[in-house]
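In: Sequence and predicted structure are below.
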Amino acid sequence: MPIETKESFRWIDNVKRSNALFGKSSQCIHIGDREADIYELYSECQNSNSSFVIRVCNNRKLFNSEQKLFESVSKESAKGFYAVTITDKNGEKESVQVEVRFKKVNVMPPIGKEKNYPKPISACYIEVKEKMGSERRGEKCRVEWKLLTNLPVANFEDAFEKNQWYAMRWKIELFFKILKSGCKTEESKLRNANRLAKFITICSVIAWKVFWLTMLNRTNPVGKISQVLSERECDVLDKYMKVNKSLGLKKSISDYLIDIAKLGGYLNRKSDPPPGNMVIWRGISRLNDLIIGFKLAKGLMGN
C-alpha cells in the first residue's frame with residue numbers, strides 16, 4: 001500500500017507541515033517512538049534538511065554489510081556508562097547502569113521500495129542497554145533503547161544528549177493524557193472550528209499547569225509556595241485540612257501539593273509513590289469548587 005493511504009502517513013505529514021511553518025532558517029528536530037520508524041520519514045527528513053531522533057523497531061538492512069542494524073554495534077566497545085532510576089508497578093525504585101554504543105550506518109530501504117529510494121539513508125545508530133538484567137525484574141524487563149538519528153554523534157556526550165531528548169517524549173505523552181482524560185477535549189460537542197481551537201487552547205494551559213505541578217512536587221518539593229498557589233488557595237487548603245497556623249508551621253510546595261492530591265483521592269501512605277497527574281487534576285478541580293464555596297460564603301461573588 002502507498003504510504004499516503006496509511007494512518008502512519010501523519011508522521012510524514014507532520015514533518016512537511018513543521019518545515020513549512022518554521023522555514024529553512026530554523027532547524028526542525030523530529031522525535032518519535034517506534035511507531036515513527038518509517039523509511040519514508042527518514043527520506044523526507046533527509047531531503048528537507050531536517051533532523052530526526054527515532055526509536056526503532058525494525059532491524060533494517062545496511063549498505064554493503066552482511067550485518068543488520070541491531071547487530072552493527074555488537075563488536076563496538078561501550079563509549080560510556082550512566083545510571084538510570086526506574087520505578088516498578090509497586091512504586092519501588094531501582095538504579096541500574098546502562099552502557100552506550102553507537103555507530104554510523106547507511107540504512108537501506110525495505111524490499112520492494114529500492115526503486116523509489118535508490119540512495120541509502122546516512123544516520124547514526126545508538127544503543128543504550130542495561131549491563132546486567134535485574135534478577136527481580138527479569139531479563140525481559142531489561143532496559144534497552146535503540147535510536148536512529150541523522151544528527152552528528154561523535155562521542156558519548158552526543159549520544160547521551162540524543163537519548164535525553166528522546167526521553168522527553170514521554171512527558172509529551174503525559175501532557176496529552178491530561179488533555180484527553182482530564183480536560184476531555186475529545187468529548188467536546190463544539191462544531192465550529194474556531195470555537196474548538198479556542199477550547200483546546202484553554203485546555204492546553206490547564207493541562208500544562210497540572211503537569212507542571214506534578215513534576216514540581218518531584219523536582220523542587222521545598223520551594224516557595226508563592227510560586228505555585230495564590231494566598232487564597234493556600235488559605236482554603238489550610239482551613240479544609242484543619243491546619244493550625246498558630247503553631248507557626250511553614251508548609252512547602254510539596255506539603256500543599258500533597259494536600260491537593262488528597263482532595264483527588266491520594267492516600268499519602270509511606271509506600272505510595274508520588275501523586276500522579278490525574279490525582280493532581282482531580283484535586284485541583286475539587287480545590288476550585290472549595291474556593292467558589294468560600295467566595296460565596298464571604299459574599300465575594302454571586303448576586
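Out: Here it is on my side, so go on. It should be emphasised that the depicted structure is a prediction, and the values quoted were computed from it without experimental measurement. Residues are numbered from 1 along each chain as shown.

In: pretty sure L287 belongs to a helix, no?
Out: Yes: L287: assigned to a helix according to DSSP: H, G, I helix; E, B strand; the rest coil.

In: The nearest residue to W11 once chain neighbours are set aside: neighbouring residues, count only.
Out: Sequence neighbours aside, A36 is the residue nearest to W11 in space, at 4.8 Å (criterion: Cβ to Cβ, 6 or more residues apart in numbering). C-beta coordinates here come from the backbone N, C-alpha and C atoms, glycine included. Using other Cβ atoms under 10 Å, A36 has 23 neighbouring residues.

In: hang on, isn't A36 packed against I54?
Out: Yes: under the criterion of Cβ atoms under 8 Å, A36 makes contact with I54 at 5.2 Å.

In: Which residue ranges of this structure form helices?
Out: Per DSSP state H, the chain carries helices over the ranges 9-22, 39-47, 156-167, 169-177, 193-219, 231-240, 253-263, 277-297.

In: what's next to the last one, contact-wise?
Out: The set of residues that contact helix 277-297 without belonging to it, under Cβ atoms under 8 Å, 6 or more residues apart in numbering, is 174, 177-178, 181-182, 209-211, 213-214, 217, 232-233, 236-237, 239-240, 257, 259-266, 275, 301-302.

In: That one vs helix 231-240, what angle?
Out: 90 degrees (axes from the mean of the first three to the mean of the last three Cα atoms, to 10 degrees).

In: Now helix 277-297: buried residues?
Out: 277-284, 286-287, 291, 294 (16 or more other Cβ atoms under 10 Å).

In: other SSEs contacting the helix or strand of the chain with the lowest mean pLDDT?
Out: Of all helical and strand segments in the chain, the minimum by mean pLDDT, DSSP states H and E falls on strand 80-87, at a mean of 86. When contacts are defined as 3 or more Cβ pairs under 8 Å, 6 or more residues apart in numbering; DSSP states H and E, strand 80-87 sits against strand 93-107, helix 156-167.

In: could you say what helices and strands the longest one packs with?
Out: If I follow you right, that is strand 93-107. strand 80-87, strand 121-130, helix 156-167.

In: which one of these is the most hemmed in?
Out: Neighbour counts (mean count of other Cβ atoms under 10 Å) averaged over each of the helices and strands packed on strand 93-107 peak at strand 121-130, with a mean of 21.

In: ok, and what's touching that strand?
Out: For strand 121-130, contacts defined as Cβ under 8 Å, 6+ apart pick out 39, 42-43, 46, 56, 69-70, 72-73, 84, 96-107, 142-153, 159, 162-163.

In: Quickly note the distance from the nearest residue to L213 once chain neighbours are set aside to K209.
Out: Sequence neighbours aside, I280 is the residue nearest to L213 in space, at 5.5 Å (criterion: Cβ to Cβ, 6+ apart). Look at I280 and K209: by Cβ to Cβ, to the nearest Å, they are 9 Å apart.

In: Same question for T85.
Out: Computed as Cβ to Cβ, the T85 to K209 distance reads 26 Å.

In: cool, C183 as well?
Out: Applying Cβ to Cβ, the value for C183 to K209 is 11 Å.

In: One more: E157?
Out: From E157 to K209 the distance is 33 Å (Cβ to Cβ).

In: and V105, what does it touch?
Out: Taking Cβ under 8 Å, 6+ apart, we find V105 in contact with 62, 69, 72, 122-125.

In: Show the pLDDT at N244.
Out: N244 is assigned 63 on the pLDDT scale.

In: so the closest residue to Y166 other than its chain neighbours bridges to which residues?
Out: Distances taken as Cβ to Cβ, 6+ apart put V53 closest to Y166, at 5.4 Å, once the chain neighbours are dropped. Residues in a beta bridge with V53, per DSSP bridges, are I31, T149.
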